[in-house]
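> When you get a sec, could you give me coordinates for this:
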Amino acid sequence: MARKRKGRFSIRRIGLVVLVVFVGLVVPSVASAHRPRHRPGCHSRRCDVRVDRIWAAHHRPRRRLGPHYVVSSTCYAQSGTTASGEQTRPGIVAVLPGFLSLGTWIVLDRAVFGRRRYQVLDHIGSGSELDVFNASEAACLDYGRREAGFRVVR
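As a prediction, the model looks like this:
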């Protein structure tokens, strides 16, 4: 006849308790290991607050930029219809035909009239390689002619 073991803890109970503790400790850490928190080396509180998102807003991938150009630029204030068929507005630049296609986005090295991102929607005849639109003729006269560097956004 088998003897019943006296006492509170049996081998089966201890094994079950160890298994529950192991699963309770390991499984959540494995699950959280698959959830990216923030990039290594980032000590931003914005990342720590948004741990449920894939990446915080300041970790979004950067825009891929194309080749860098340095060209002669001027400003124009003539309103009307552009080569693309749209009306002139702030945020439009004109380039020489064949240099960049219409609809291309560029990022200037330095802000001009409070902007760095412009869209190519017009062509120019001659004189400069980049023409920035501004509605104010006085601002265009102040701008004059200068060298402007930019990159194409891909």
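
> Check which helices and strands the strand ranked longest in the chain is in contact with.
Taking DSSP state E as the criterion, the chain has its longest strand at strand 65-76. Packing partners of strand 65-76 (3 or more Cβ pairs under 8 Å, 6 or more residues apart in numbering; DSSP states H and E): strand 130-133, helix 137-143, strand 146-153. Every C-beta, even on glycine, is put in place using the N, C-alpha and C of the backbone.

> In terms of secondary structure, what does the shortest one contact?
Packed against strand 130-133, as judged by 3+ Cβ pairs under 8 Å, 6+ apart, are the following elements: strand 65-76, strand 92-95, strand 115-123, strand 146-153.

> Mean neighbour count, these: which tops it?
Among those, strand 92-95 has the highest mean neighbour count (mean count of other Cβ atoms under 10 Å), at a mean of 24.

> okay, the angle between the next helix or strand after that one and strand 65-76?
The element immediately downstream of strand 92-95 (helix or strand, assigned by DSSP states H and E) is strand 105-112. Angle of strand 105-112 versus strand 65-76, following axes from the mean of the first three to the mean of the last three Cα atoms, to 10 degrees, is 50 degrees.

> Pull up the pairing partners for strand 105-112, direction included.
Sheet pairing of strand 105-112 (DSSP bridges) gives strand 115-123 (antiparallel), strand 146-153 (antiparallel).

> Can you say which of these is nearest to P67?
Of all the strands paired with strand 105-112, strand 146-153 sits nearest to P67, with 6.5 Å by Cβ to Cβ.

> In terms of residue numbering, what are the domains of the protein?
Per automatic domain parsing, the domain ranges recorded for the chain read 12-59, 65-153.

> Tell me which residues are up against stretch 129-149.
68-77, 79, 88-96, 99, 108-110, 112-113, 118, 122, 124, 128, 150 (Cβ atoms under 8 Å, 6 or more residues apart in numbering).
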